[in-house]
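pasting the sequence and the predicted model now:
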Amino acid sequence: MSDRLARGDPLLNTDAMLAKVVSATQDDGAELTTTQQDQIRGLQQTYKWGLAQVALIAKAVKAPEEQVRQFLTPPKPALHLVKPAPDIDSLICNIRAILQLADHDQATLTQRYIDVGRLLNDLKATCKHGEFERLLTQSFPDRSLSTLHEYKTLATSFDAADDETKVQLAGDFKHGWKAVLEKLRNLKRRAKKPADPATIPDHLSKRTQIIHGNCLDVLPTITEPHILVSDPIYNIGMRYDGYDDNMPEDEYQKMLTEVFKGHPAVITLDPETAFNLLGGGILGRCEKIVAWVYNSNLPNQFRLVMWFNCKPDLTRLGQDYKNPNDRRIAKRIEEGFEARLYDVWYIDIVKNVSKDHGHPCPIPVELARRIILTTTEPGDRIVDPFCGIGTIPCVAAALGREAIGIEQSEKYCRIAEGRLGTIMDELGMKDEAALEAAE
Ligand SMILES: C[S@@+](CC[C@H](N)C(=O)[O-])C[C@H]1O[C@@H](n2cnc3c(N)ncnc32)[C@H](O)[C@@H]1O
């Protein structure tokens, strides 16, 4: 069988060889001798093992993973060798051969699909423009195109990971390739690289503007009719990039008034600030208040969502029944009914904020979704003067509204722009994204 196949299935026939490297009486977790290490390196060269196989090898030779990782780390190559270009037929042949191997354990299958993905990437690079999809359909009629594409993504993302991540992921191979792919996708989401404009759907970028600046300067330049929807600064010493969230109270009140007074505006705030600074009709008439309730370890467990100079229509959305075990309610759920939307909304706050999102307090997409759907129509223009990493403008655009976000931190603006590439996914609306893109 080809060399590539051996690479695709690295431990298929080699468990027995690895077992011979150690004696039967050797203790689990014992350090390997230099001779044993040399023997394993010999096998490594034959089978082209990389760091991804460390966990499997360590298990087979009963040695500590860290030791195996150290002596398998490849030395930096002295020369750049030119690889001969693979030809299309042999690539297809090798992919087919790997896919036809009999079922094996999940860890081996995962490794196998990474290799299939690598070969598919080579194949795509070798094909003429437009030929790749046709070749896949012709050559692998029993495989779904989307799964083959997922193998490609799996290989690309795995190969792009750093060595330490690869070693950790190798430990997850036993959970199957889908789990590894999901983990790689999560890692990518967390990495929050600056937006790659190519990954942002056209229809969303056309509807959205993220403006870097001070909202007090930018708002007067927006002359088209719009509604303000915002989760503004709370003036509680939050650690934002480039902004000290600590104004004297009268200045803070003046700022909120300057931004929101007289406008149709939906604002989230903690109840004390709302009562002390925005009471008495200072911004105009408050038409509705909803309590946004969440679980947290903080003393405050709810915030207010307030509609000034505009009203929501809460009958537009439903929510889960509170008593699903009641016999009559269970029947209604079975028939597809939902409870009406009350004025208390239970929506969890976003967890691991700074680490995963790059901002200390983004609001949940579900909160933005409810406000936007109950208050505005498709095509309406929504402006968030304190947009942070863009939750409100991105959700607004995903729901077919025109959206403008204003943010003082350039870093948050870049994250907000990048979020247009993931927002449909965050909202569970991936299919709608595909439909829009096809139109
Ligand atoms: C509570 S956060 C908004 C979070 C946002 N809702 C999200 O989900 O990402 C308030 C944001 O206002 C920004 N900010 C503060 N003063 C500003 C100003 N004068 N103009 C524009 N943005 C400002 C802060 O940098 C911060 O990101």
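Now that the structure is in, tell me what you want to look at.

so the residue of the chain found nearest the ligand, which of the three states?
The minimum distance from the chain to the ligand, using C-beta to the nearest ligand atom, falls at residue 388 (2.5 Å). (Each C-beta comes from the backbone N, C-alpha and C, glycine too.) Per DSSP: H, G, I helix; E, B strand; the rest coil, the local secondary structure of residue 388 is coil.

up against the ligand, what does the stretch 301-439 of the chain have?
359, 361-363, 386-389, 391-392, 406-409, 412 (C-beta under 6 Å from any ligand atom).

residue 300: which of those is nearest?
residue 361 (12.3 Å; C-beta to C-beta).

next, the distance between the ends of stretch 199-216.
32 Å (C-alpha to C-alpha, to the nearest Å).

residues of it that come out buried?
200, 201, 203, 204, 205, 207, 208, 209, 210, 211, 212, 215 (16 or more other C-beta atoms under 10 Å).

quick check: next helix or strand after the host helix or strand of residue 42?
Following DSSP states H and E, one finds residue 42 within helix 34-47. Later in the chain than helix 34-47, the nearest helix or strand by DSSP H and E is helix 54-61.

let me know the helix or strand that the nearest residue to residue 343 once chain neighbours are set aside is in.
Excluding the flanking residues, the one nearest residue 343 by C-beta to C-beta, 6 or more residues apart in numbering is residue 290, at 4.8 Å. Assessed by DSSP H and E, residue 290 sits inside strand 286-293.

and the contacts of that strand?
Contact with strand 286-293 is made by 268, 301-312, 314, 343-347, 367, as judged by C-beta atoms under 8 Å, 6 or more residues apart in numbering.

could I have that strand exported to PDB, CA atoms only?
This file holds the C-alpha atoms of strand 286-293, laid out as PDB (Å, rounded to 0.1, in the frame of the first residue of the first chain):
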ATOM      1  CA  CYS A 286     -41.000  55.900  28.500                       C
ATOM      2  CA  GLU A 287     -43.600  53.600  26.800                       C
ATOM      3  CA  LYS A 288     -42.500  50.200  28.000                       C
ATOM      4  CA  ILE A 289     -40.100  48.600  30.400                       C
ATOM      5  CA  VAL A 290     -39.000  44.900  30.300                       C
ATOM      6  CA  ALA A 291     -36.900  43.300  33.000                       C
ATOM      7  CA  TRP A 292     -33.900  41.300  31.500                       C
ATOM      8  CA  VAL A 293     -33.100  38.700  34.100                       C
END
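
off-centre distance for it?
Relative to its chain's centre, strand 286-293 lies at 30 Å (C-alpha atoms, centre = their mean, to the nearest Å).

list the buried residues of that strand.
Buried-residue list, strand 286-293, by 16+ other C-beta under 10 Å: 286, 288, 290, 292.

list the strands paired with it, with their directions.
If you go by DSSP bridges, strand 286-293 pairs up with strand 302-308 (antiparallel), strand 344-346 (parallel).

for the one helix or strand residue 147 maps to, packing partners?
Here residue 147 sits within helix 145-160, counting by DSSP H and E. Helix 145-160 is packed against helix 106-126, helix 131-139, helix 177-191, with contacts defined by 3 or more C-beta pairs under 8 Å, 6 or more residues apart in numbering; DSSP states H and E.

quick one: buried residues of the next helix or strand after it?
Counting by DSSP H and E, the element after helix 145-160 in chain order, helix or strand, is helix 163-170. Buried residues in helix 163-170, counted by 16+ other C-beta under 10 Å: 165, 166, 167, 169, 170.

surely the second one touches residue 160?
I take that to be residue 166. No: if you go by C-beta atoms under 8 Å, residue 166 and residue 160 don't touch, sitting 9.9 Å apart.

which residues of the stretch 1-150 of the chain score low on pLDDT?
Residue ranges of the stretch 1-150 of the chain with pLDDT under 70: 1-16, 45-47, 74-85, 103, 129-130.

up against the ligand, what does it have?
Close to the ligand, as judged by C-beta under 6 Å from any ligand atom, the stretch 1-150 of the chain has no residues.

sorry, back to before: okay, the buried residues of strand 286-293 in a markdown table with distance to the ligand and pLDDT next?
Converted to a markdown table, those look like this (distance: C-beta to the nearest ligand atom, whole Å; pLDDT from 0 to 100):
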| residue | distance to the ligand | pLDDT |
| --- | --- | --- |
| 286 | 20 | 96 |
| 288 | 20 | 97 |
| 290 | 16 | 97 |
| 292 | 12 | 96 |
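
ok, so of these, who is nearest residue 36?
So of these, ranked by how close each gets to residue 36 (C-beta to C-beta), first place is residue 292, at 60.8 Å.

so what sits opposite that closest one in the bridge?
Bridge pairing for residue 292 - DSSP bridges - gives residue 303, residue 345.

and the gap between it and residue 92?
Relative to residue 92, residue 292 is positioned 55 Å away (C-beta to C-beta, to the nearest Å).
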